[in-house]
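Student: Using only what follows, build the 3D model:
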Amino acid sequence: MKAAEIKPYLEEKYAFLSGAIDKKGYLIITFPSSASIEKLSSEDLKKLLIYLASINSSNGDPRFTFIVDMRQRTWENCKHIFKVLQEQFPYKIEHVYIVKPDGFWDKHKISLGMSKYTFE
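Tutor: Sure, this is the predicted structure:
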């Protein structure tokens, strides 16, 4: 896949690869809070993630850590991201970290909904 195919998604920064790595050396892909991820279909989000993951194609066992910034998102937006990661991301997911707004977990009982995802 070429960057030109997903150029609008890269420009909007729905997700990006900053070059940061976690403490195990796995690349971090970030979903910033400012991007309107709900505008992307599951297929388009999958294409974007596969492109970002392909940048690290030299690694024989690619693994990734994700940061999902929920500060300006709804739970529905995040479920869309988690569903694509769970069902369509072809590489190993080491961790998914969620940046949450204060009081979010108190207002929403989503811990049960998170149990269906296999990543940490």
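
Student: At which residues are the helices of this structure located?
Tutor: Counting by DSSP state H, the chain has helices at residues 7-12, 42-54, 75-88, 104-107, 111-114.

Student: Can you pull the poorly scored residue ranges out of the chain?
Tutor: For the chain, the stretches with pLDDT under 70 are 57-59, 102-120.

Student: rerun at 80
Tutor: The chain contains residues with pLDDT under 80 at 1, 35, 56-61, 72-74, 76-77, 101-120.

Student: quick one: Glu94 from Ala3, how far?
Tutor: From Glu94 across to Ala3, the span is 25 Å (C-beta to C-beta, to the nearest Å). (C-beta placed from N, C-alpha, C; glycine too.)

Student: before we move on, what about Asn56?
Tutor: In terms of C-beta to C-beta, Asn56 sits 15 Å off from Ala3.

Student: With neighbour numbers in mind, choose between those two.
Tutor: Each of Asn56 and Ala3 has its neighbours counted (other C-beta atoms under 10 Å); Asn56 has more, 16 against 10.

Student: For that one, which residues are in contact?
Tutor: Applying C-beta atoms under 8 Å, 6 or more residues apart in numbering to Asn56 gives the contacts Leu17, Leu27, Pro62.

Student: Show me the residues you listed that map onto strands.
Tutor: Secondary structure from DSSP state E places Leu17, Leu27 of these in strands.

Student: Out of the contacts of Asn56, who's the most crowded?
Tutor: Tallying neighbours with other C-beta under 10 Å puts Leu27 at the head of the contacts of Asn56, with 22 neighbours.

Student: Is it correct that it is in contact with Ile67?
Tutor: No: between Leu27 and Ile67 there is no contact under C-beta atoms under 8 Å: 11.3 Å.

Student: Share the number of residues neighbouring Ile6, please.
Tutor: The burial count for Ile6: 18, using other C-beta under 10 Å.
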